[in-house]
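Enquirer: 3D, please:
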Amino acid sequence: MSAPRFGVWAPVYGNHGARNHPYDAPDASYRRTRDLLLRAEAAGFDSTLLAQHVIHPSNTEDEVLETWSTIAALAEATTRIELIGAVKPLLFNPLVFAKIAANIADIADGRLSVNLVTGWFLPELEGLGLDPLEHDDRYAYSREWLAAVVELWAGKHVPIGDRGGHPAVIRPAPADPPPLYVGGESEPGRALAAEYADVFFINGRPLPETVEVIEDLRARPRNRADLRFGLSAFVIARDTESEALAELDYLHSLDEAEARPEISGGTDPKTQMYRVLSGTKRIGSNGGTLAGLVGSYEQVIDRIHAFHDAGVELFMLQFQPIESELDRFADRIIPHFR
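Expert: The predicted structure is shown next:
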């Protein structure tokens, strides 16, 4: 396996971690994201993930950046970094999305990837006037939607919907379809990833649990290249472990002082991710600090090695404050792996 790759979650929500951090204001503007990713690209980061929400899941009054218009602009603004855009099938007609993604893939000169997510924040789906569907039904719909998109990218004529209309086609079709990232704790999510994904995104968790997920996915039959793996993690690295743990305690104190009623009230109770994470104390989204990348520089390097040896290719990272901690990681951690 090649050397690990490092990515950064784009601040489409404004920030990750404590919303009211004194040195990390929740700025969800396009220019903040653009400047951060230009900084990350220059610092040696390989990838970025732009989550998709049109209504902020922590506080519906907060700002959130629209994903796909942002990626189109970033495709022109950046030159090297992989751009992974999340998409919820319920929000896009498959023909429209296939066309948008094909165009952005061309603008980005092959640097676009797609992260399929089914959606768990019910107030967002309901606020858009959509039927949120039951958990497993969202996966069934996403599978049909994805099958249509993949065939459209392959240049095929595809009937859209159930009205028997003229089959759709996109021209030009992408020379190389964007790589597909899929995550999910549930059985439908893992089955979809085994069938279609190039990379399976794992929510942050300790190494032994990560190994269990990798072994489960690797044991499933596939008719394509071997599945690769990415891991989400929130990083706090310092000269000493005690300094890193003190920073973690500080972030916990900020986080605990905040109230986020919407995220608990709007989460689909059948979403397996929140069952897995229930009762855990962590900073960051999608498992965050549960991956254990909190400690001295040497400890964080050793833990990255251990995850990489287990099969994790891409580390999709969160920081707070984003800019200064991204620089710290680039200065003290990335060179060890180059």
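
Enquirer: tell me, how many neighbours does residue 84 end up with?
Expert: Using other CB atoms under 10 Å, residue 84 is surrounded by 28 other residues. Any C-beta I mention is one placed from the backbone N, CA and C, and that applies to glycine too.

Enquirer: dump the residue contacts of it.
Expert: By CB atoms under 8 Å, 6 or more residues apart in numbering, residue 84 lies in contact with 7, 47, 48, 49, 50, 113, 114, 115, 181.

Enquirer: Residue 316 too?
Expert: Contacts for residue 316 (CB under 8 Å, 6+ apart) come out as 7, 8, 9, 47, 49, 201, 230, 231, 232, 233.

Enquirer: what's the closest non-adjacent residue to the residue nearest to the spatial centre of the chain?
Expert: By CA atoms, centre = their mean, the mean C-alpha position of the chain lies nearest to residue 49, the distance being 4.9 Å. Nearest residue to residue 49, sequence neighbours excluded (CB to CB, 6 or more residues apart in numbering): residue 84, at 4.6 Å.

Enquirer: List the contacts of stretch 207-225.
Expert: With CB under 8 Å, 6+ apart as the test, stretch 207-225 has contacts from 190-191, 193-195, 198, 200, 202, 205, 226-227, 229, 231, 291-292, 303, 306-307, 310-312.

Enquirer: Mind giving me the PyMOL select for those, buried ones only?
Expert: Buried subset of the contacts of stretch 207-225, written as a PyMOL selection, criterion 16 or more other CB atoms under 10 Å:
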select buried, resi 190+191+193+194+195+198+200+202+205+227+229+231+291+292+303+307+310+311+312
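
Enquirer: from the contacts of stretch 207-225, which ones fall inside strands?
Expert: Under the assignment DSSP state E, the contacts of stretch 207-225 contribute 200, 202, 229, 231, 312 to strands.

Enquirer: Could you list the low-pLDDT ranges of this protein?
Expert: 163-164, 259-279 (pLDDT under 70).

Enquirer: quick one, strands of the protein?
Expert: Counting by DSSP E, residue ranges of the strands within the chain are 5-9, 47-50, 82-87, 112-116, 180-183, 199-202, 228-234, 236-238, 294-296, 312-318.

Enquirer: would you turn those strands into a markdown table with distance to residue 34?
Expert: Output for the strands of the chain, formatted as a markdown table (distance: least, CB to CB, whole Å):
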| stretch | distance to residue 34 |
| --- | --- |
| strand 5-9 | 13 |
| strand 47-50 | 11 |
| strand 82-87 | 12 |
| strand 112-116 | 16 |
| strand 180-183 | 22 |
| strand 199-202 | 23 |
| strand 228-234 | 22 |
| strand 236-238 | 25 |
| strand 294-296 | 29 |
| strand 312-318 | 18 |
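
Enquirer: Could you say which one of these comes nearest to residue 38?
Expert: Across those, residue 38 has its closest neighbour in strand 47-50 (10.8 Å, CB to CB).

Enquirer: And that closest one, what does it pack against?
Expert: If contacts are counted by 3 or more CB pairs under 8 Å, 6 or more residues apart in numbering; DSSP states H and E, strand 47-50 sits against strand 5-9, helix 30-43, helix 67-77, strand 82-87, strand 312-318.

Enquirer: So in terms of bridging, what pairs with the residue nearest to residue 49?
Expert: Residue 84 has these beta-bridge partners by DSSP bridges: residue 49, residue 113.

Enquirer: still on that earlier bit, Throw the helices and strands packed on strand 47-50 into a markdown table and include distance to residue 210, thanks.
Expert: Shown next, in a markdown table, are the helices and strands packed on strand 47-50 (distance: least, CB to CB, whole Å):
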| stretch | distance to residue 210 |
| --- | --- |
| strand 5-9 | 16 |
| helix 30-43 | 24 |
| helix 67-77 | 27 |
| strand 82-87 | 19 |
| strand 312-318 | 7 |
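
Enquirer: just so I know, which of those lies nearest residue 138?
Expert: Minimum separation from residue 138 across the helices and strands packed on strand 47-50 (CB to CB) falls at strand 82-87, 13.1 Å.

Enquirer: Please report the separation between the first and final residues of stretch 158-171.
Expert: Terminal residues of stretch 158-171 are spaced 13 Å apart (CA to CA, to the nearest Å).

Enquirer: How about stretch 13-32?
Expert: From its first residue to its last, stretch 13-32 covers 11 Å (CA to CA).

Enquirer: Can you give me the buried ones in it?
Expert: Quick answer for stretch 13-32 (16+ other CB under 10 Å): 13, 14, 15, 16, 17, 18, 19, 21, 24, 26, 28, 32.
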